[in-house]
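S.K.: below: sequence and its predicted model.
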Amino acid sequence: MKRILMIISLGVLMAAPTFGQTPKPADTPKPADTKPAENKPTEALPTAEQLIDKYVQAVGGKAAIEKATSRVAKGTFEIPAMGASGPIEIYAKAPNKTVSIITFPGFGVIQQGYTGQVGWSQEPTSGLRELSGSELAYTKRGAEFYQTTKLKELYPKMVVTGKQKVGNSDAYVVQMTPAEGKPEKWYFDAQTGLVTRMDVEIESPQGSLPFEIYQEDYRVVDGVKMPFLIRQTSPAISFTIQLEDVKNNVPIDDAKFNKPAGQ
């Protein structure tokens, strides 16, 4: 159970940067159904910069994105294999503060946060700890409130590696290398320009853990597309986040993001 709770806490870490970024691909299959595109005549690939610029516009544009200065999202976190679920709340505030909170009846509360300087995690078995290494680096990038418009700064090296099927749609695969942390793979839909999947790997006290992140059920909130269903899979466990309500420009006290007092 301790390892499962640790992996779930990493899933909470993944949730903060994903809500507010990408659209729903048509008829998205289970992750195992993702497959390379059929062999076709070689075509010229767009540059990473072209894909990023198109992505920003597809989400809603820089002006619409930067109208928000805070965000509160609420919904349900579910682990289908365990038959477990509980409410999740995600708070974010410009320029770089975030906290995600899951309450599991019978297990307790799992939290992940970034104060703007310190990343932290708290769950029932391991207690409170500060994040470091790639965990911290990923959290810092995710806490960047305007991450979508700052991808070129957050990922200094971006290389288009090819084209692949995600669901029924073709997507350009971009290896995104951050200034700190392991490279990630982002899949940009060839038609819409929106991201349909992300592959990330995080070093944690439990070792290196790969995650595939799929974002679905997109709805427009204040002119910006946001996923209300986020599916995350790893070799150890899979879980979903179903958001029910997202509000921008909600007053949030900075104390909300502070690391809890040590136990």
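M.R.: Thanks, I have the structure now.
S.K.: okay, P183 and S134: tell me how far apart.
M.R.: 11 Å (Cβ to Cβ, to the nearest Å). For the C-beta atoms, the positions are set from N, CA and C on the backbone; glycine is no exception.
S.K.: and the nearest residue to L136 once chain neighbours are set aside, how many neighbours?
M.R.: Once flanking residues are discounted, L136 sits nearest to G119: 4.5 Å by Cβ to Cβ, 6 or more residues apart in numbering. Applying other Cβ atoms under 10 Å, we find 24 other residues in the vicinity of G119.
S.K.: and P95, by the same measure?
M.R.: As a burial measure, P95 scores 11 neighbours (other Cβ under 10 Å).
S.K.: tell me if I am right that it is in a helix.
M.R.: No. According to DSSP: H, G, I helix; E, B strand; the rest coil, P95 belongs to no helix; its state is coil.
S.K.: look up how far F257 lies from it.
M.R.: For P95, the distance to F257 - Cβ to Cβ - is 12 Å.
S.K.: who touches both of the two?
M.R.: G116 (Cβ atoms under 8 Å, 6 or more residues apart in numbering).
S.K.: so what's the residue nearest to L136 bridging to?
M.R.: Judged by DSSP bridges, the bridge partners of G119 are Y114.
S.K.: I52 belongs to a strand, doesn't it?
M.R.: No. Judged by three-state DSSP, I52 forms no part of a strand; its state is helix.
S.K.: residue boundaries of the helices in the stretch 101-250 of the chain?
M.R.: 133-143, 151-154 (DSSP state H, counting those that start in this stretch).
S.K.: my understanding was that the residue nearest to L136 contacts G133; is that so?
M.R.: No. Using Cβ atoms under 8 Å as the test, G119 is too far from G133 to be in contact (10.1 Å).
S.K.: for the biggest strand by length in the chain, list every residue counted as buried.
M.R.: Determined from DSSP state E, the single longest strand within the chain is strand 207-221. The neighbour-count check on strand 207-221 (16 or more other Cβ atoms under 10 Å) flags L209, F211, E212, I213, Y214, Q215, E216, Y218, V221 as buried.
S.K.: ok, those residues vs V72, which is closest?
M.R.: Each of the buried residues of strand 207-221 was scored against V72 by Cβ to Cβ, and V221 proved nearest at 11.2 Å.
S.K.: got a list of what the closest residue to that closest one other than its chain neighbours touches?
M.R.: Once flanking residues are discounted, V221 sits nearest to V246: 5.1 Å by Cβ to Cβ, 6+ apart. By Cβ under 8 Å, 6+ apart, V246 lies in contact with F19, G20, R71, V72, A73, K74, R219, V221, M226, F228.
S.K.: gap between V246 and D253?
M.R.: Computed as Cβ to Cβ, the V246 to D253 distance reads 19 Å.
S.K.: try E212
M.R.: Distance, E212 to D253, by Cβ to Cβ: 35 Å.
S.K.: where do the strands of the chain begin and end?
M.R.: Counting by DSSP E, the chain has strands at residues 70-79, 84-93, 97-104, 108-114, 119-123, 127-130, 157-166, 169-177, 184-189, 195-204, 207-221, 224-233, 238-248.
S.K.: buried ones in the first one?
M.R.: Put plainly, it is strand 70-79. For strand 70-79, by 16+ other Cβ under 10 Å, it's S70, R71, V72, A73, G75, F77, E78, I79.
S.K.: parallel or antiparallel, list what pairs with it.
M.R.: Short version: by DSSP bridges, strand 70-79 pairs with strand 84-93 (antiparallel), strand 238-248 (antiparallel).
S.K.: for that strand, give me every contacting residue.
M.R.: Outside strand 70-79, the residues that touch it by Cβ under 8 Å, 6+ apart are 8, 11-12, 19-20, 84-94, 102, 104, 145, 228, 237-252.
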